[in-house]
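Colleague: A structural model of the following input is requested.
(chains A and B)
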Number of protein chains: 2
Amino acid sequence: MAVVTPWEVKGTIDYGKLIKEFGVSKLDDAILKKLEKHTGPLHHLIRRKIFFAHRDLDFALQEHSKGNLFLYTGCGPSGPIHMGHASVWLFTKWLQDALDVDLWFQFTDDEKFLFKDMTYEEIQKWLYENMLDVIALGFNPRKTHFLIDTKHAGLMYPEAIKVAKRITFSTIKSAFGFTNEQNLGAIFYTSMQAVPAFLPSVIAKKTMACLIPHAIDQDPHFRVTRDVLPKLGYPKPASIQSRFLPGLEGMKDAGKLSSSTGQAIYLTDDPKTVKTKINKYAFSGGKDTIEEHRKHGGNPEIDVAYQWLMFFEEDDEKLKKIYNDYKSGKLLSGELKAILIENISAFLMQHQKKRAAAPNLVDDYIYKAK
Amino acid sequence: MAVVTPWEVKGTIDYGKLIKEFGVSKLDDAILKKLEKHTGPLHHLIRRKIFFAHRDLDFALQEHSKGNLFLYTGCGPSGPIHMGHASVWLFTKWLQDALDVDLWFQFTDDEKFLFKDMTYEEIQKWLYENMLDVIALGFNPRKTHFLIDTKHAGLMYPEAIKVAKRITFSTIKSAFGFTNEQNLGAIFYTSMQAVPAFLPSVIAKKTMACLIPHAIDQDPHFRVTRDVLPKLGYPKPASIQSRFLPGLEGMKDAGKLSSSTGQAIYLTDDPKTVKTKINKYAFSGGKDTIEEHRKHGGNPEIDVAYQWLMFFEEDDEKLKKIYNDYKSGKLLSGELKAILIENISAFLMQHQKKRAAAPNLVDDYIYKAK
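Modeller: Numbering: from 1, shown residues only, chains lettered A, B, ... in the order given. Purely as a prediction, here's the structure:
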């Protein structure tokens, strides 16, 4: 059985089933057409339905027309950033630029401290490292505001308790599968994750709409948030959900790309490491021998290199050709992996250059109350 | 059956039994002698064992000798301050002056918002009003630091989550009798109440000892705090517990003097109100007729006016004479009430004068990080 919670993702995920279970709406062509009117040509991650579901996107777009929308996404700092995180944020950056709106970027250092067996200092180290990666992705510095739960607690805790007062332990027990052995901070935490969905309204002193691009595992938080916010006089936050980048080792247990299993590619990996990891771990949909492959072709549906290219190769034509060539047997598994290695390495080389310049920019991105 | 929790006190309280149940130590003559060496002549509230119990007071005094002690007490702002609150803080002021130490005064506006059916704005109003009363009690402005949970959350929340990580819901379920219907903020809250017991050590960058004067109902919080702090590298906070000022209407159900029942005298009551309340409500230990009273005398043990004088008449000789005169029948109930009215009115007249000047001082008392 698949498990999808903010703290654990495992098993084979049936996204169609998840849509029903979570009660999100499928991103159908009608809503994508509406979105396109606001953004111009759609990002490949949404064209390809990797962002596959939403809540109230129509409402968010209506509010966008009135100049009344902001974006909110986040990062839980407990390890290096991997390509799965990056894909969600690259889409978020596109969406921010295309809609020309403010983005509130929450760093949940309290969450990671409370849920992981790591010290406060370790989390603070990852917070800093992760901020460098987020900055290097190129978010508009004038319209992007980092909210760090511990650093901005003066601003956030007074709002979080207003949320917390409306949620019982019973509710989050069923929403998150918590037990009585959960620690008090972990129990409180979802209230902090709710805050950026309405803090910009508090700051702007007017009620604004919020749109949250996120990986589907975070949905239980926002389901709770959506129940509470109208009681506080704010609209339910809209959201748009992505599926997970599969782990390198395979589609079978295609849970979230986990940073703890060694199957991930990190934004700080050098080209040699990228090459080694992909060649060594990336599960292949090719045949056992070149002869067989040439004859029967490979299976792109279970080939991790191909699946990753769906996330990271922007050019639809190029991707289609890869698909056809691989399926027909013209393209070998090693050649397909080489295409992915080339793609990821080129991205990371650029990224790491920008990351090296990021330390000077950290302070500019951190939100400062006026 | 008596109930004593931080949020409910009712029934006839057997303080001897409470000492055993809570696991506090009786304030015996040996420890009072030790205390006297540090403070000089003891305050009447401790001479009379109204402060009746403690935890680790000896340790606190040892640390005081090394210049390594601070005091911590608090106020939950959800209504006007009554004489019961005042008694604890008058003792605290004496202790601060006598020991010449810093006092951290926590205003738990988050707690009251989370536990009461009151709006955030109502609580903020009471916060301000209560601060005026605390200031008017005359705490040393150079050594007294107000910590307001919502205003100082930037400082407190990062420390509170370190406490919260060490406490499970199971633990506070049994410590406070919580159910699954408790809200998330109420569940988290005890972590915030723990913070002033070690925040001064964080700020001073050295490990200091903490002594908490408080009414006995707050002990469950500090029991939990005492379990956690050594795990974070801080000593267990010492504490000293008072019994409750009985409600005007009687000793039988001598729970905490409640501000919700109309039996309390508030620090903002005018002399006429004080007179009316005491004459109308104060339960008398006198006899039904003057003749009987003269013949058999009154019973000071159940007479609220006398019990209140034990809290507020500093002069032992005078109090003893009142006791004897009342017991012998020489002093009538009305006369005893008149003594109390005189005492409280004189105190309140002074207090209200100082309170009128307090608005200008609020900012001086609120802690500012250096």
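Colleague: and the longest helix anywhere in chain A, what does it pack onto?
Modeller: As assigned by DSSP state H, the longest helix anywhere in chain A is helix A:333-357. Other elements packing on helix A:333-357 under the criterion 3 or more CB pairs under 8 Å, 6 or more residues apart in numbering or on different chains; DSSP states H and E are helix A:120-136, helix A:271-281, helix A:304-312, helix A:316-328. Every residue, glycine included, has its C-beta placed from N, CA and C.
Colleague: okay, buried residues for whatever helix or strand comes next after that helix please.
Modeller: Note on helix A:333-357: by DSSP states H and E, the next helix or strand toward the C-terminus is helix A:362-365. Buried positions in helix A:362-365, judged by neighbour count with 16 or more other CB atoms under 10 Å in any protein chain shown: A:Y365.
Colleague: quick one: contacts for A:L35?
Modeller: By CB atoms under 8 Å, 6 or more residues apart in numbering or on different chains, the contact set of A:L35 is A:L42, A:I46, A:L57, A:L61.
Colleague: how many neighbours does the closest residue in space to A:W94 that isn't next to it in sequence have?
Modeller: Spatial nearest neighbour of A:W94, chain neighbours left out: A:H43 (4.4 Å); criterion: CB to CB, 6 or more residues apart in numbering or on different chains. Applying other CB atoms under 10 Å in any protein chain shown, we find 20 residues neighbouring A:H43.
Colleague: isn't A:H43 up against A:F91?
Modeller: Yes. Counting by CB atoms under 8 Å, A:F91 is a contact partner of A:H43 at 5.6 Å.
Colleague: is the residue nearest to A:Y367 when sequence neighbours are not counted in a bridge, and if so with what?
Modeller: Nearest non-adjacent residue to A:Y367, counting by CB to CB, 6+ apart: A:H145, 4.0 Å away. Counting by DSSP bridges, A:H145 forms beta bridges with A:W104.
Colleague: I figured A:H145 was touching A:F105, is that so?
Modeller: Yes. Applying CB under 8 Å, one finds A:H145 in contact with A:F105, separated by 6.8 Å.
Colleague: between these two, which contacts overlap?
Modeller: A:Y365.
Colleague: tell me the residues of the stretch 1-150 of chain A that contact chain B?
Modeller: Counting by CB under 8 Å from any CB of the partner chain, the positions of the stretch 1-150 of chain A adjacent to chain B are A:D110, A:F113, A:L114, A:Y120, A:D149, A:T150.
Colleague: what ranges of the stretch 251-370 of chain A fall below the confidence cut-off?
Modeller: A:251-262 (pLDDT under 70).
Colleague: for chain B, what is the nearest residue in it?
Modeller: Nearest residue of the stretch 251-370 of chain A to chain B, counting by CB to the nearest CB: A:A369, 10.4 Å away.
Colleague: quickly find the element holding the residue most central in space within chain A.
Modeller: Centroid-nearest residue in chain A: A:V88, 3.5 Å away (criterion: CA atoms, centre = their mean). A:V88 is located in helix A:83-99, with elements delineated by DSSP H and E.
Colleague: mind giving me the packing neighbours of that helix?
Modeller: helix A:29-39, helix A:44-47, strand A:69-75, helix A:120-136, strand A:209-215, strand A:238-242, helix A:304-312.
Colleague: could you report the pLDDT at the residue lying closest to A:M118 once chain neighbours are set aside?
Modeller: In space, and not counting its chain neighbours, A:M118 is closest to A:S78: 6.1 Å by CB to CB, 6+ apart. We have a pLDDT of 97 for A:S78.
Colleague: which parts of the stretch 151-300 of chain A sit against chain B?
Modeller: A:151-158, A:160-170, A:172-173, A:180-188, A:190-191.
Colleague: so which of the residues you listed are in helices?
Modeller: A:153-158, A:160-164, A:169-170, A:172-173, A:184-188, A:190-191.
Colleague: so which residue of the stretch 1-150 of chain A comes closest to chain B?
Modeller: Closest point on the stretch 1-150 of chain A to chain B, by CB to the nearest CB, is A:T150, at 4.2 Å.
Colleague: and that residue, how far from A:A215?
Modeller: 23 Å (CB to CB, to the nearest Å).
Colleague: re earlier: quick one: residues contacting the residue nearest to the centre of chain A.
Modeller: So A:V88 contacts A:T73, A:P213, A:H214, A:A215, A:S242 (CB under 8 Å, 6+ apart).
Colleague: give the rounded mean pLDDT of stretch A:28-35.
Modeller: For stretch A:28-35, the per-residue pLDDT averages 97.
Colleague: and that stretch, how far out from the chain middle?
Modeller: Stretch A:28-35 sits 21 Å away from the centroid of its parent chain (CA atoms, centre = their mean, to the nearest Å).
Colleague: swap in stretch A:317-324?
Modeller: Distance, centroid of stretch A:317-324 to centroid of chain: 25 Å (CA atoms, centre = their mean).
Colleague: one more: stretch A:144-158?
Modeller: For stretch A:144-158, the distance to the chain centre is 20 Å (CA atoms, centre = their mean).
Colleague: quick one: end-to-end distance for it.
Modeller: 22 Å (CA to CA, to the nearest Å).
Colleague: what's the mean pLDDT across that stretch?
Modeller: pLDDT averaged over stretch A:144-158 gives 98.
Colleague: contacting residues around it?
Modeller: So stretch A:144-158 is contacted by A:96, A:102-111, A:127, A:131, A:134, A:192, A:195-196, A:199, A:365-367, A:369, B:110, B:120, B:149-158, B:161 (CB under 8 Å, 6+ apart).
Colleague: restricted to buried residues, select the residues you listed in PyMOL.
Modeller: To isolate the buried ones among these in PyMOL, judged by 16+ other CB under 10 Å, type:
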select buried, (chain A and resi 96+102+103+104+105+106+107+108+109+110+111+127+131+134+192+195+196+199+365+366+367) or (chain B and resi 110+120+149+150+151+152+153+154+155+156+157+158+161)
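Colleague: give me phi/psi at the nearest residue in space to A:T168 that is not next to it in sequence?
Modeller: Among residues not flanking A:T168 along the chain, B:E181 sits closest, at 5.0 Å (CB to CB, 6+ apart). Here is the backbone geometry of B:E181 (degrees, to the nearest 10): phi -90, psi 0.
Colleague: quick one: closest of the helices and strands packed on helix A:333-357 to A:E8.
Modeller: Counting by CB to CB, A:E8 lies closest to helix A:120-136 out of the helices and strands packed on helix A:333-357; the figure is 18.9 Å.
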